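Trainee: structural data only, the sequence is not supplied:
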């Protein structure tokens, strides 16, 4: 609870969270709508999973997932790097 924190701790935490947020590359779902729908329909993925694939592709990034179906489909549909935890 906030009443358990000193003002100094709160200010430090806010500064840390602001630095983290400023380092994020945020992409709105609406900016990925067309690509996500195409990926979802062509690979039989949920739109939710397809958004992750489209975002990774747009950012030329790596998709980390524990979902085997998503891992398999993402590898087949895009040129992104897909990593999953070892079983």
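Mentor: Everything's here; your move. As the structure is a computational prediction, the values presented were derived from the model and not from experiment.
Trainee: surely residue 42 is in a strand?
Mentor: No - counting by DSSP: H, G, I helix; E, B strand; the rest coil, residue 42 is not found in a strand; it is helix.
Trainee: quick check: it vs residue 74, distance?
Mentor: Using Cβ to Cβ, to the nearest Å, residue 42 is found at 12 Å from residue 74. Just so you know, the C-beta spots here come from the backbone N, C-alpha and C atoms, and that holds for glycine as well.
Trainee: what about the two, which has more around it?
Mentor: residue 74 (25 against 12; other Cβ atoms under 10 Å).
Trainee: now the more buried one: which helix or strand?
Mentor: helix 68-77 (DSSP states H and E).
Trainee: which residues are contacting that helix?
Mentor: 39, 42-45, 49, 52-53, 56, 63, 65, 80, 82, 84 (Cβ atoms under 8 Å, 6 or more residues apart in numbering).
Trainee: okay, the residues you listed in CSV with pLDDT next?
Mentor: Formatted as CSV, those follow (pLDDT from 0 to 100):
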residue, pLDDT
39, 91
42, 89
43, 87
44, 88
45, 91
49, 93
52, 90
53, 91
56, 88
63, 85
65, 84
80, 74
82, 79
84, 72
